[in-house]
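Undergrad: quick one, structure for this:
(4 chains)
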Protein chains: 2
Amino acid sequence: MQLTNDKMDQILLNFLAKYVILSEEEQNVILDLAIFKSFKKGTILLKEGQRSKDAYFVLQGCIRCYYLVDTEEKTTAFYTETETLNPPGALNNTPSEYYVDCLENSILIVANSETDEELFAKYPILEKLCRLVSEDLHSKSQIAFDNFKISTPEQRYLNLLEIRPDLAQRIPQYHLASYLGITPQSLSRMRKRLVKKAS
Amino acid sequence: MQLTNDKMDQILLNFLAKYVILSEEEQNVILDLAIFKSFKKGTILLKEGQRSKDAYFVLQGCIRCYYLVDTEEKTTAFYTETETLNPPGALNNTPSEYYVDCLENSILIVANSETDEELFAKYPILEKLCRLVSEDLHSKSQIAFDNFKISTPEQRYLNLLEIRPDLAQRIPQYHLASYLGITPQSLSRMRKRLVKKAS
DNA sequence: ATCCTTTCTTAACTTAAGTTAACGAGTTTA
DNA sequence: TAAACTCGTTAACTTAAGTTAAGAAAGGAT
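TA: A predicted model of the protein is given here:
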């Protein structure tokens, strides 16, 4: 599927409209700042140790965060359409603890937070927008954390199937397993167990 | 230990100073809004299903969030001195999914977010303050989530001892165990295992 | 001081996840 | 086409957590 520039603009504006009402001028300021970029599957967007001020808004495709522990990739998050990854480094300029790569060919908005201060002074509503988005993301991330904590791997898997059935389809089992906090072998066993239970 | 009102004001202002520089007037506006309250150990601040717009800033003591799953309490967070709990309901007025109680006699600032809009219009820097605090909390909570995910219960425990040694002292084992995602029996066994390993 | 409740520990047994290794289906590459 | 690689599955064995039950230790209350 191809995305025209107009469509991409519209996806972004629809997302922002959930938080604040923007004037035409304000919308244009944001669209001017938004840099749309395409990445091939497998592209590494961010490496451990790297400093980057970029945040990513996914228009199409899927990106993934993972830590490299010894030689093992520990996947902690997937971001798909209309989801936002705002790595800590974007705020405080610390080196990244994790990697980010593209699991699919992806179209992203890469937002650099360098110029924000002048912009906020000129358009205070953008500061409000950022506050609301941040509060919302924080709240969602807390709830996700809570759900993870109070669940067993099996409950996490069932929950994933319910809440984000798309992920189970588009993401390889071994990445899903890592995301659920188990090995691919365990996930495979679990699936067999669940089929048996269901019957 | 007793806290005077002046000391409590100072703790709050010191915390805020990490984010923005406030004029005397702005400081006073905030101090006028800040409601200091004392709670006895065991007090339930928030119940599942309850709607509340309150956020809590801990001046002294310790509060805890937990879900009630069947009859079992699943502890997801502890907040101690200078930490902030901002439940999702404070933002979007949804009923709470979890309980909050005091593990110790505690002095908290209870901040109600109702009046914020007028205030932000009058003092834009407060909006900036909220944005920065929210971004910081979000970032910290993401990192905590990641660390939880990529660790085994044993690593989580060792990490807790290192990062927040105070918690291991002041919080009952069975709450700690729940927080680590295991049973009190498992934590007890684990501790024995670790002592043996060390020797 | 004694009782009672809360908290922590231990033990025996069950369940599920980790580990290592191997195999097969499906892709990609040479 | 054949070889190499990726991905998912299975199996045997090990390790650690869950479960149930019982008792010991520590704190509070009367």
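
Undergrad: what's the weakest-modelled helix or strand in chain A?
TA: Within chain A, no helix or strand scores below helix A:89-92, which has a mean of 80 by mean pLDDT, DSSP states H and E.

Undergrad: strand partners of whichever helix or strand comes after that one, parallel vs antiparallel please.
TA: Scanning forward in sequence from helix A:89-92 by DSSP states H and E, the next helix or strand is strand A:99-102. Applying DSSP bridges to the sheet, strand A:99-102 is found paired with strand A:44-46 (antiparallel), strand A:63-69 (antiparallel).

Undergrad: contacts made by the first one with the rest, please.
TA: What it means is strand A:44-46. Outside strand A:44-46, the residues that touch it by C-beta atoms under 8 Å, 6 or more residues apart in numbering or on different chains are A:39, A:52, A:54, A:56, A:63, A:87, A:96, A:98-102, A:108. Placement of C-beta: from N, CA and C, glycine included.

Undergrad: repeat that for 7 Å
TA: Here strand A:44-46 makes contact (C-beta atoms under 7 Å, 6 or more residues apart in numbering or on different chains) with A:39, A:52, A:56, A:63, A:87, A:96, A:99, A:100, A:101, A:102.

Undergrad: flag every buried residue along that strand.
TA: A:45, A:46 (16 or more other C-beta atoms under 10 Å in any protein chain shown).

Undergrad: can the following helix or strand past it be found next to chain B?
TA: Later in the chain than strand A:44-46, the nearest helix or strand by DSSP H and E is strand A:54-60. No. Using C-beta under 7 Å from any C-beta of the partner chain, strand A:54-60 never reaches chain B; the gap is at least 10.7 Å.

Undergrad: check stretch A:172-180 too.
TA: No. Judged by C-beta under 7 Å from any C-beta, stretch A:172-180 and chain B are separated, with a smallest distance of 8.2 Å.

Undergrad: how far is that stretch from where the chain is centred?
TA: Centroid separation for stretch A:172-180 versus its chain: 16 Å, with C-alpha atoms, centre = their mean, to the nearest Å.

Undergrad: which parts of that stretch are buried?
TA: Buried residues in stretch A:172-180, defined by neighbour count with 16+ other C-beta under 10 Å: A:175, A:176, A:177, A:178, A:179, A:180.

Undergrad: next, format these as CSV and append distance to residue B:186, pLDDT and secondary structure.
TA: Formatted as CSV, the buried residues of stretch A:172-180 follow (distance: C-beta to C-beta, whole Å; pLDDT from 0 to 100; DSSP: H, G, I helix; E, B strand; the rest coil):
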residue, distance to residue B:186, pLDDT, secondary structure
A:175, 28, 96, helix
A:176, 26, 95, helix
A:177, 23, 96, helix
A:178, 23, 95, helix
A:179, 24, 96, helix
A:180, 20, 95, helix
